[in-house]
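Trainee: Using only what follows, build the 3D model:
(one chain, ligands or ions: 1)
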Amino acid sequence: MRTNQVHCKPALLAIAFMVLLFSSSDMYAQTTNQMNKEIEASIDRLLTQLSLEEKVAMCHAQSKFSTPGVPRLGIPEIWMSDGPHGVRGEINWDNWGYAGWTNDSITAFPALTSLAATFNPELSKAYGKSIGEEARYRKKDIILGPGVNIYRTPLNGRNFEYMGEDPYLASIMVVPYIQGLQQNGVAACVKHFVLNNQELWRNHINVEVSDRALYEIYLPAFKTAIQEGQAWSIMGAYNKYRGQFCSHNERLLTKILKDDWGFDGVVITDWGSAHDTKEAALYGLDMEMGTGTDGLTTTLKNAYDNYYLAYPFLELLKSGEIEEKYVDDKVRRILRLMFRTNMNPNRSFGRMNNQEHLDVARSVGAEGMVLLKNEDSFFPIPTDKKLTIAVIGENATRAMTVGGGSSELKAKNEISPLQGIRERFKNATIVHAMGYASGPPAYGRVIPSELDAEVLKKEAVIAASQADVVLFFGGLNKNHHQDCEGGDRQQFGLPFGQDELLNEILNVNDNVGVVLVSGNAVGMPWLSEVKAVMQAWYIGSEAGHAIADVLSGTVNPSGKLPFSFPKKLTDNAAHYYGEISYPGDSINQHYKDDILVGYRWHDTKKIKPLFAFGHGLSYTTYAISDVTTDKSEYTETESIKIAYTVSNTGNANGAEVVQVYVGKLKSKVDRAIKELKGFDKVKVKKGTKESGEISIDIADLKYYEESISNWRLEKGDYMIYVGNASDNIVKKLKISIY
Ligand code: GLC
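Mentor: Purely as a prediction, here's the structure:
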C-alpha cells in the first residue's frame, strides 16, 4: 500500500471540508491561513519521504511541456502550456511539432496589447477567468503567461504579447488576469523576468540598465503580479542582466524576487534559458524546461537527465558540494504550486469553446480598439445604406491566430474582418481585393509571396475607384520580422508595399479609412490623406465580429493607446541613443533611455508623437470638469483624492478613460515631467454625466534613489495632470507634500 498516497488523501479531504465550511471573510482568512499551514505541513511530510533522485527529477522537464511527478507517493506530473492569449495546440512529447490532436481547438482571446488598450481591469479579470477555464479543461496546471515586458522599441517582435510602455498600466491590468486565471486552480507564469524587451539576440544579449530604470520601469509590473496578483510561477528571461543569465541571476531571483518581494512560487526557465548547473542550483531557479535537447539525443540515459538541474545537479548534491537545502527549497515551491493546482481537490473542471468565452473575447477586442483619427465622421459606417464598400488588404482575411511564435493558437473559429463586415453590412455591396501579399506563415524565416504584387495592386485600385467607402486593412502580421517571437521588425513603416498601395488608392478615392491589424506602432506617411484610422490589434476568434461591432457603431470605441506612436523611429527614446541602446552590439546593450521610456521621453524631451500614450477617440464627445483635490498639502502617509466629472456631450453612449498623471516640480533629480498614477474607465450615457474619484497614495510618488538602494519621497510641490490622454490634459492642480 502506498502509505504516502493514503497519507496524502486525508490531508486534502480535510482541506476540502474546511473550504466548504467557512464562507465569511474573516473566517475565510482564518481558513486560508489554516489551509496554508496544512499545505506546508503536508509538504514537510512529503519532503522527508522523497529520495534525492525524486527531488531532482521534479526540478526539470520530462518532455517539452511537462515535469515528472512521483508516482510512488501519488504526486502527479505538472503539465503546462502556452500562452497568454489562449491554450496552445498540443505539442509533441519531445519536439516542437504539433501532436495533431483533434480535440485541442480553443478560443483565441485578443492579444494582451488589446486587453491593455481597454484600460478595463474588470475585463482583464473576465479574460483571465476564461482562459483559466480553458486551461483546466485541457488539463494544464500552468499557463505560460501573461507577459508584461515593457514596450521600449516599436521593433520588438513580441510587443503584441505584452501590456505596453507604462509600468502603472501594466501593473493594474496584469493583476486581475492572474487572479481570474488562478481561481481555476491553474498557475499563471508571469513572463519574461526581466528586460526581455527585444527578440534580436534574446538568447544571450547582456542588458545594462540603471537601478532607477530597473525599479521604476521594468520591475513594477512583475512586482505587482507577484505581490498583488499572487502569481504562482514566473518565467526567467533568456537574456542576461549585468552579465548573468536572468534565469539564474542571483540579484534578480534570490535577492529581488524571493527575498525582497517574498515570492513563494516557482521560477521556471524560458525554454532553453538555463546555462549553468551551479548558478541554477544556487541562484533561485526552481524548474528547468526546454534545454537544448529533443529528448531523443542518443545517450545511455534519457537526454532529460542531462539537463543542468538533472544528473549534474544530482552529482553536486551527492558530493556535498551543494547542500540539500537548495533542492529542498525548489521542491517545496513546486509542491506548493501543486497543492494550489493539480493537488487541490477543489479545482473546477473547466470548460472551453463556449459562447461566454467568445463573448469575453469579443468584448475585449471591441473595447480595446483605438480610434486614432476620425474626420467627417467616417466611422461609424451606416449599416442601412446601400453602399459599395471596398475592403482592401490581406489583413482583412489573413488568419492572425496562426504564427507569432509560442503564442500561436489553434482556434476553433477565427472570424476574419471581411467575414464580420459581410455579416454586418448586409445592405452594402462588399468588394474585397487583397491589395498586397506577405507570404505564407513561417517561423524564423521569410517566404515571399509568389503572387504578382502589381496585379494585386491594380485590382485593389480598381475596386477602390468604384466604391463609396474604402476600408484599407493594413498593418503587420505574425510572420518573422513582423509581430513574431524570435526576431524583431526590420522597418518602422508598413511592409509589403502598403504605403505605396494606399497612395494609389487615395489617387482614385478620398473616402478612405484605415484599419490597422497589428501589435506595434508603425509609420503613417499617408495619415493626413486618409479620413480615419482605427487600431484594431490582434483580436483572435472574434476578430471580425468585434471589428464589425465598432465599425458599424454597435460599440462606441473607448480604447486608449498603451504605447506611443512616434512619428519616426529616431523619435523613440531607445533609438535616439543609437545602436548600443538598440539593439546593442550583439553582446551588450545599454538602456541609455533610462527612465524616459515612451511618453516619458516624448513629454520630457518635447518630441511630439504621431499618437500619444492614452490617446483614443470616440463616436461621441466628452468633457472632463470639476477636477479638484481634497486638499492642497499632504503628508507621506496620506492619499490624494482627485474628484472629477465626465459629461457625455455627444450623441452616443460611451466610455471615457480619465487619466491622472503626476510630476514633481523642480525635482532635485532627473524625472519625467509626468507619470501615470491613476485612471478610471467611466461609462457615460449620451447627455448625462458621471462623477468619480481617483485616489493616489503619496507613497506611490517616490522615485528610486540609487545611493540608498531604496525609494525616496521628495517633499515639495507636485503637479497633478488630469485628462483623457497623455497629450490631452484638461486640468492641472498643484499640490504640496511636506
Ligand atoms: C518560448 C517563449 C516563451 C514560451 C516558451 C514555451 O521560447 O519565449 O514565452 O512560453 O518558449 O513555448
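
Trainee: got a pLDDT number for the spatially most central residue of the chain?
Mentor: Residue closest to the mean C-alpha point of the chain, counted by Cα atoms, centre = their mean, is residue 162 at 2.9 Å. In this model, residue 162 is scored at 99, pLDDT.

Trainee: hang on, it packs against residue 145?
Mentor: No. Using Cβ atoms under 8 Å, residue 162 is not in contact with residue 145, being 10.1 Å away. All C-beta spots, glycine's among them, are computed from the backbone N, C-alpha and C.

Trainee: Show me the common contact partners of those two, please.
Mentor: Residues touching both residue 162 and residue 145 (Cβ atoms under 8 Å, 6 or more residues apart in numbering): residue 112.

Trainee: Return the distance of stretch 700-711 from the chain's centre.
Mentor: Averaging C-alpha positions (Cα atoms, centre = their mean, to the nearest Å) puts stretch 700-711 26 Å from its chain's average.

Trainee: And stretch 715-726, by the same measure?
Mentor: Its chain's average C-alpha position is 27 Å from that of stretch 715-726, according to Cα atoms, centre = their mean.

Trainee: could I get that stretch in PDB with only the CA atoms?
Mentor: This file holds the C-alpha atoms of stretch 715-726, laid out as PDB (Å, rounded to 0.1, in the frame of the first residue of the first chain):
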ATOM      1  CA  LYS A 715       9.000  66.800  -0.400                       C
ATOM      2  CA  GLY A 716       7.700  70.000  -2.100                       C
ATOM      3  CA  ASP A 717       5.400  70.800  -5.000                       C
ATOM      4  CA  TYR A 718       3.900  68.400  -7.400                       C
ATOM      5  CA  MET A 719       1.600  68.900 -10.400                       C
ATOM      6  CA  ILE A 720      -1.400  66.700 -10.900                       C
ATOM      7  CA  TYR A 721      -2.300  66.400 -14.600                       C
ATOM      8  CA  VAL A 722      -5.800  65.200 -15.400                       C
ATOM      9  CA  GLY A 723      -7.000  64.400 -18.900                       C
ATOM     10  CA  ASN A 724      -8.100  61.700 -21.400                       C
ATOM     11  CA  ALA A 725      -4.600  61.200 -23.000                       C
ATOM     12  CA  SER A 726      -1.000  61.900 -22.000                       C
END
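
Trainee: ok, and for that stretch, which residues are buried?
Mentor: Residues of stretch 715-726 classed as buried: 718, 719, 720, 721, 722, 723, 724, 725, 726 (neighbour count, 16 or more other Cβ atoms under 10 Å).

Trainee: helix/strand/coil for the second one?
Mentor: Read that as residue 719. Using DSSP: H, G, I helix; E, B strand; the rest coil, the structure places residue 719 in strand.

Trainee: Pull out the buried residues from the host helix or strand of residue 122.
Mentor: In this assignment (DSSP states H and E), residue 122 forms part of helix 121-137. For helix 121-137, a neighbour-count test (16+ other Cβ under 10 Å) marks 121, 123-137 as buried.

Trainee: Same check on stretch 446-456?
Mentor: For stretch 446-456, a neighbour-count test (16+ other Cβ under 10 Å) marks 453, 456 as buried.

Trainee: what's in contact with that stretch?
Mentor: Contact partners of stretch 446-456, identified using Cβ under 8 Å, 6+ apart, comprise 433-440, 479-481, 496-497.

Trainee: of these, buried ones?
Mentor: Buried members of those, counted by 16+ other Cβ under 10 Å: 433, 434, 435, 436, 437, 438, 439, 479, 480, 481, 496, 497.

Trainee: List just the nearest of these to the ligand.
Mentor: Taking Cβ to the nearest ligand atom as the measure, the ligand lies nearest residue 480 of these, at 14.2 Å.

Trainee: Surely residue 342 and residue 80 touch.
Mentor: No. Counting by Cβ under 8 Å, residue 80 is not a contact partner of residue 342; they are 10.9 Å apart.

Trainee: what do these two both touch?
Mentor: Counting by Cβ under 8 Å, 6+ apart, the contacts common to residue 342 and residue 80 are residue 141.

Trainee: ok so, going back, chain center to the helix holding residue 122, what's the gap?
Mentor: Mean C-alpha position of helix 121-137 versus that of the full chain (Cα atoms, centre = their mean) differs by 14 Å.

Trainee: do stretch 497-515 as well
Mentor: With Cα atoms, centre = their mean as the basis, stretch 497-515 stands 32 Å off its chain's centre.

Trainee: Show me what counts as buried in it.
Mentor: Across stretch 497-515, burial judged by 16+ other Cβ under 10 Å covers 497-499, 501-502, 504-506, 508-509, 511-515.

Trainee: got it, and stretch 330-344?
Mentor: Using 16+ other Cβ under 10 Å as the test for burial, stretch 330-344 gives 330-344.

Trainee: same thing with stretch 103-121?
Mentor: By neighbour count with 16+ other Cβ under 10 Å, stretch 103-121 contains the buried residues 104-121.

Trainee: ok, of the buried residues of helix 121-137, which one's closest to residue 353?
Mentor: Checking the buried residues of helix 121-137 against residue 353 by Cβ to Cβ gives residue 134 as the nearest, at 7.7 Å.

Trainee: Identify the residue spatially nearest to that closest one, adjacent ones excluded.
Mentor: Setting aside the residues directly before and after it, residue 134 is nearest to residue 352 in space (Cβ to Cβ, 6 or more residues apart in numbering), at 3.9 Å.

Trainee: got it, and residue 168?
Mentor: Using Cβ to Cβ, 6+ apart and skipping the chain neighbours, the partner closest in space to residue 168 is residue 676 (4.6 Å).

Trainee: Convert the C-alpha atoms of the helix or strand hosting the one you found to PDB, please.
Mentor: Element membership for residue 676, per DSSP H and E: strand 675-684. The C-alpha trace of strand 675-684 is given here as PDB (Å, rounded to 0.1, in the frame of the first residue of the first chain):
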ATOM      1  CA  GLU A 675       3.900  59.700 -14.900                       C
ATOM      2  CA  LEU A 676       0.500  57.800 -15.000                       C
ATOM      3  CA  LYS A 677      -0.500  57.200 -11.400                       C
ATOM      4  CA  GLY A 678      -4.300  56.600 -11.700                       C
ATOM      5  CA  PHE A 679      -7.100  56.000 -14.200                       C
ATOM      6  CA  ASP A 680     -10.800  55.300 -14.300                       C
ATOM      7  CA  LYS A 681     -12.800  53.900 -17.200                       C
ATOM      8  CA  VAL A 682     -16.200  55.700 -16.900                       C
ATOM      9  CA  LYS A 683     -19.300  54.600 -18.800                       C
ATOM     10  CA  VAL A 684     -21.400  57.700 -19.600                       C
END
